[in-house]
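**Student:** Prediction below, plus the sequence it came from.
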Amino acid sequence: MNRQILQKDDPALHKVCHPVTKFDNKLAALLSDLTETLKNAGGLGLAAPQVGILRRACIVMDEDESYIELVNPEIVSQSGEQEGFEGCLSFSGMYGMVNRPMEVTVKAQDRKGNPVEYHRTGMTARCFCHEIEHLDGHMYYEKVEGPLLTEEEVEKIMEQQGE
């Protein structure tokens, strides 16, 4: 089921989420709904609080365009640095320059409660950080260096830089 994505002023986006303790059909449905909603929105990641569910669960699309389900995720190591424009489905149309780690290792659980671990670099590492921050009630714009920009402004900057 495609769910409505909450926008930046919604109080649910600024609350710390509760750990998932029941690995049941309700959780499986939530993860499936997050994936469908993410696909329909054309984003790279989506966290449960973005659809009004205050549980520690999120979905990230990796570089192979497969979807990674993270339940009760935590970043256990990070290294390097990358800077790039970041946006959010809960803050449509605005982007900002954010500094993130280049490599991230995340420990989490799958939809059945089994332990999983992912080590990713680049854009997927950025997405892991972004989505896990949602679970702690934070939005990317809290980390933006410089002004928030529209998509057109970002495209103009990218053209000027020859990217």
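**Tutor:** Cool, got the structure.
**Student:** Could I get the full set of helices for this structure?
**Tutor:** Applying DSSP state H to the chain gives helices spanning 25-41, 122-135, 151-160.
**Student:** so which of those helices is the most packed in?
**Tutor:** Across those, averaging neighbours per residue (mean count of other Cβ atoms under 10 Å) puts helix 122-135 on top, at a mean of 22. In this view, the C-beta of every residue, glycine as well, is placed from N, C-alpha and C.
**Student:** Need the pLDDT of the residue nearest the centre of the chain.
**Tutor:** Geometric centre of the chain, nearest residue: E131, 2.6 Å, by Cα atoms, centre = their mean. Per-residue confidence at E131 stands at 98 (pLDDT).
**Student:** thought it was touching V60?
**Tutor:** Yes. Assessed by Cβ atoms under 8 Å, E131 is found in contact with V60 at 5.7 Å.
**Student:** Identify the contacts common to the two.
**Tutor:** 45, 70 (Cβ atoms under 8 Å, 6 or more residues apart in numbering).
**Student:** rewinding a little: pipe the helices of the chain into a markdown table and attach distance to S77 per row.
**Tutor:** Formatted as a markdown table, those follow (distance: least, Cβ to Cβ, whole Å):
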| stretch | distance to S77 |
| --- | --- |
| helix 25-41 | 25 |
| helix 122-135 | 11 |
| helix 151-160 | 30 |
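**Student:** same for the longest strand anywhere in the chain, what does it pack against?
**Tutor:** Looking across the chain with DSSP state E, the single longest strand is strand 67-79. The contact analysis (3 or more Cβ pairs under 8 Å, 6 or more residues apart in numbering; DSSP states H and E) places strand 67-79 against helix 25-41, strand 57-61, strand 103-109, strand 115-121, helix 122-135.
**Student:** closest to Q82 out of the ones you listed?
**Tutor:** Nearest to Q82 among the helices and strands packed on strand 67-79 is helix 122-135 (6.7 Å), distances taken as Cβ to Cβ.
**Student:** what's the angle from that closest one to strand 67-79?
**Tutor:** Per axes from the mean of the first three to the mean of the last three Cα atoms, to 10 degrees, the angle that helix 122-135 makes with strand 67-79 is 100 degrees.
**Student:** tell me the angle helix 122-135 makes with strand 115-121.
**Tutor:** Using the same axes, to 10 degrees: helix 122-135 against strand 115-121 is 130 degrees.
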